[in-house]
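**Student:** Turn this into a model:
(one chain, ligands or ions: 3)
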Amino acid sequence: MSTRYLLRDVAPLGGEPTDVLLADGVIAVIGEAAASEAGDDATILDCHGLVLLPGLVDLHTHLREPGREDAETIRSGTRAAALGGFTAVHAMANTTPTQDTAGVVEQVWRLGREAGWVDVHPVGAVTVGLEGERLAELGAMAESQAQVRVFSDDGKCVHDPVVMRRALEYVKAFDGVVAQHAQEPRLTDGAQMHEGVVSAELGLAGWPAVAEEAIIARDVLLAEHVGSRLHVCHLSTAGSVEIIRWAKSRGIDVTAEVTPHHLVLTDELARGYDPVFKVNPPLRTQRDVEAVRAGLADGTIDIVATDHAPHTREDKDCEWAAAAFGMTGLETALSVVQETMVDTGRMTWADVARVMSFAPARIGRVDDHGRPIAVGEPANLVLVDPAARRTVEPEQQATKSVNSPFRGRDLSGCVIATFLRGRATVLDGSPCDESVVVRG
Ligand SMILES: NC(=O)N[C@@H](CC(=O)O)C(=O)O
Ligand SMILES: [Zn+2]
Ligand SMILES: [Zn+2]
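**Tutor:** Ligands and ions are numbered 1, 2, ... in the order given. As a prediction, this is how the structure comes out:
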């Protein structure tokens, strides 16, 4: 028997407070009748001051399984996702073995189901082994149980324009999308951080903005030419925002994501040579930060995606040049978006629902997430306390890795509860390990 939850005095999308009853996996009643229809066995949550959002959907998560279970497993990464308010994540393809066959994506999909924390949608590789040469079996992955719709060689760029063109053409058959890691490899050979004043001062090899912008410009034109849809991963420069704005004004079917870290952190942080700030694409300048915030606020950038990239201490606690690229993000993403976009008055909670749930679900063609908060809809939801504050302690997080760039920072906003089809995966800010295990 499934538990019923009565959310009293909750603010859907930050609007007028009301009562919401979750029963049988769906939103059963909204409004005054919720209390009377709850029955005696419902768990009552006093939600005064809390915001109710559709469960967050991450289009870009690295779960590391199979292959690097020392950094993250599907179980640990999805538990972290639930704590961050997510009900669905897209698991990136740069695993070992690569997620480039129906067999591997089905394995990831199945392990996600068994873990039970969020729905795991595997991303399929565009090319075999992410090598950029031969197309992977895109059709077989799309038709597999995992029903892959998002394809990406993330970590590597599909740099050969002919291969990119073929991929864009191919995925049209099953309404898929190519998510490009936009990085011209020849312009970033050996690059360590953003190319600019700071890299020159530190003597670290620079990664010019044009390496990202050149690929985005090429790809929006390719997408227009073949009439396909394109998604741009973790866009990071002011120029990239301009190109996407131009492409959209031309009617090109392109979408773009920004990470929480690119909304707030800059290349100045490299001055301490702490590799926790080493990431791909690199942290840029304050001007770029302003531009991506403006682009997110005006809809040029469609979504926020975490690019949660856990790495072991061995791979991160070394000198800058030897360290791996990437930072964790699932458990801090919503707070960073609140601080940079909501607390600054640039976005409403309804906008947050758009960029972290509705739009990513649509881009990934995930039908049962990113739904409106309405009677009869699946109860994939997150309850947020915007007034709460907490200090980020990576050792206390659910992710197996501690490479959070927000260590020691005081962040606003806390996830109080997460519901996956009406079942609480998080309650009182803590993971519901029993409910997940019982479900098996
Ligand atoms: N973002 C990163 O810095 N690293 C990612 C790969 C990627 O997203 O490019 C990883 O897999 O570690
Ligand atoms: Zn990437
Ligand atoms: Zn990534």
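
**Student:** now for the longest helix seen in the chain, which elements pack on it?
**Tutor:** Across the chain, the longest stretch assigned as helix under DSSP state H is helix 209-226. Using 3 or more Cβ pairs under 8 Å, 6 or more residues apart in numbering; DSSP states H and E, the elements in contact with helix 209-226 are helix 161-171, strand 177-180, strand 230-232, helix 238-249, strand 254-258. Where you see a C-beta, it was placed from the backbone N, CA and C, and this is true even at glycine.

**Student:** Mean pLDDT for the ones you listed - can I get that in TSV?
**Tutor:** Listed next are these as TSV, based on pLDDT from 0 to 100:
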stretch	mean pLDDT
helix 161-171	98
strand 177-180	99
strand 230-232	99
helix 238-249	98
strand 254-258	99
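
**Student:** Using JSON lines, lay out those together with mean neighbour count and distance to S199.
**Tutor:** Formatted as JSON lines, the helices and strands packed on helix 209-226 follow (neighbours: other Cβ atoms under 10 Å; distance: least, Cβ to Cβ, whole Å):
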{"stretch": "helix 161-171", "mean neighbour count": "19", "distance to S199": "28"}
{"stretch": "strand 177-180", "mean neighbour count": "27", "distance to S199": "24"}
{"stretch": "strand 230-232", "mean neighbour count": "26", "distance to S199": "23"}
{"stretch": "helix 238-249", "mean neighbour count": "20", "distance to S199": "17"}
{"stretch": "strand 254-258", "mean neighbour count": "26", "distance to S199": "21"}
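
**Student:** Could you export the ones you listed as CSV, including distance to ligand 2?
**Tutor:** Output for those, formatted as CSV (distance: least, Cβ to the ion, whole Å):
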stretch, distance to ligand 2
helix 161-171, 15
strand 177-180, 9
strand 230-232, 10
helix 238-249, 13
strand 254-258, 10
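
**Student:** which stretch among the ones you listed comes nearest L202?
**Tutor:** helix 238-249 (21.8 Å; Cβ to Cβ).

**Student:** Taking helix 209-226 as reference, get the angle to the closest one.
**Tutor:** Put simply, helix 238-249 runs at 10 degrees to helix 209-226, going by axes from the mean of the first three to the mean of the last three Cα atoms, to 10 degrees.

**Student:** so where does D40 fall, helix or strand?
**Tutor:** Of the helices and strands defined by DSSP states H and E, none includes D40.

**Student:** Counting neighbours, what do you get for the residue in the stretch 1-150 of the chain that ligand 1 sits nearest to?
**Tutor:** Taking Cβ to the nearest ligand atom, ligand 1 has its nearest neighbour within the stretch 1-150 of the chain at H62, 4.6 Å off. Number of residues near H62 (other Cβ atoms under 10 Å) recorded here: 29.

**Student:** what residues are up against it?
**Tutor:** By Cβ atoms under 8 Å, 6 or more residues apart in numbering, the contact list for H62 reads 72, 77, 91-92, 94, 307-310, 326.

**Student:** ok, which pair from those residues is furthest apart?
**Tutor:** Largest pairwise distance in these, by Cβ to Cβ, is 14.7 Å, between A91 and G326.

**Student:** Of these two, which one has the most company?
**Tutor:** Neighbours around A91 and G326, counted as other Cβ under 10 Å, are more numerous at A91. The numbers are 28 against 23.

**Student:** how much space between the spatially closest residue to that one that is not a sequence neighbour and V220?
**Tutor:** Leaving aside its chain neighbours, A91 sits nearest to L63 (4.5 Å; criterion: Cβ to Cβ, 6 or more residues apart in numbering). Look at L63 and V220: by Cβ to Cβ, to the nearest Å, they are 29 Å apart.

**Student:** out of those two, which sits in the more crowded spot?
**Tutor:** L63 (32 against 23).
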